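[1] Fold the following, please.
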Amino acid sequence: MRFGARKYSGTPHSSSEPLTFGYANFHTYYTGKLDEVAVWDKGLSAAEITTLYNSGGGLDASSNSGNYNSASNLVGYWKMDENSGTSLADSSSNSNTATMINMSDADWIQGNASFSKSSASSSDNKTFTLDPSAFLSASTTYKTRVNNWSQGRCREQYQQSV
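    Numbering: from 1, shown residues only. All right, here's what the predicted structure looks like:
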């Protein structure tokens, strides 16, 4: 299991490319399980991150609680509780539905999506994508923090990839 945070800042390369989870450059795919992905329009404080991750069964990011006060800053929040299908409902108020790629009902594990790769075939690699036009603009500079807790194999040099 891994947990990490990396800070990045700069102007997005393109606001027309999808935000993709489960894939990095050079055809590198994530192998593991992914659950509860959230995107905010601001960086969270260390106290907010601690509150989200140390609240036992996990705090619902769409509700303020304790030291976490950024529910109104959610751009998207995908709990991955569907357990079937190829769409992920957005639990924020923004209706940013995510699309699962190369997923079937057999890939779901209760409460999360399995990104396991059973072969080297690129058609077997699973990702999910979001249309960034709803929350990214190429003319705006964003400061991004990627918080990653994962269960699965991940090469150390690609740990920062989402």
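
[2] Wasn't S95 part of a strand?
    No. Secondary structure of S95 (DSSP: H, G, I helix; E, B strand; the rest coil): coil, not part of a strand.

[3] Quick check: phi and psi at it.
    phi 60, psi 40 (degrees, to the nearest 10).

[4] ok, it to K42 distance?
    Distance of S95 to K42, computed by C-beta to C-beta, to the nearest Å: 20 Å. Placement of C-beta: from N, CA and C, glycine included.

[5] Can you give me the buried ones in stretch 51-65?
    T51, L52, L59, D60, A61 (16 or more other C-beta atoms under 10 Å).

[6] any idea how far the spatially closest residue to the third one that is not a sequence neighbour is from L74?
    The one in question is L59. Leaving out its chain neighbours, the residue that sits closest to L59 by C-beta to C-beta, 6 or more residues apart in numbering is L52, at 5.0 Å. L52 sits 12 Å away from L74, going by C-beta to C-beta.

[7] Now list whatever residues contact both of the two.
    Residues touching both L52 and L74 (C-beta atoms under 8 Å, 6 or more residues apart in numbering): A61.

[8] Any regions of the chain where pLDDT drops low?
    For the chain, applying pLDDT under 70 flags the ranges 1-33, 55-58, 110-162.

[9] how long is stretch 38-47 from one end to the other?
    With C-alpha to C-alpha, to the nearest Å as the measure, stretch 38-47 spans 17 Å from end to end.

[10] for stretch 44-63, same thing?
    End-to-end distance for stretch 44-63: 14 Å, by C-alpha to C-alpha.

[11] cool, stretch 81-91 as well?
    Termini of stretch 81-91 sit 10 Å apart (C-alpha to C-alpha).

[12] Identify the residues contacting it?
    For stretch 81-91, the external contacting residues (C-beta under 8 Å, 6+ apart) are 60-62, 76-80, 96-101, 103-105, 108, 110-111, 128.

[13] what about the residue lying closest to G76 once chain neighbours are set aside, neighbour count?
    Closest residue to G76 apart from its sequence neighbours, by C-beta to C-beta, 6+ apart: N96 at 4.2 Å. Other residues near N96 come to 21 when the count uses other C-beta atoms under 10 Å.

[14] Surely N96 and V75 touch.
    Yes. Taking contacts as C-beta atoms under 8 Å, N96 lies within contact range of V75: 7.0 Å.

[15] Which members of the buried residues of stretch 51-65 are positioned in helices?
    Residues of those located in helices (DSSP state H): T51, L52.

[16] Turn the buried residues of stretch 51-65 into CSV, columns for distance to S91.
    Supplementary listing: these in CSV, determined by distance: C-beta to C-beta, whole Å:
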residue, distance to S91
T51, 18
L52, 14
L59, 13
D60, 8
A61, 8
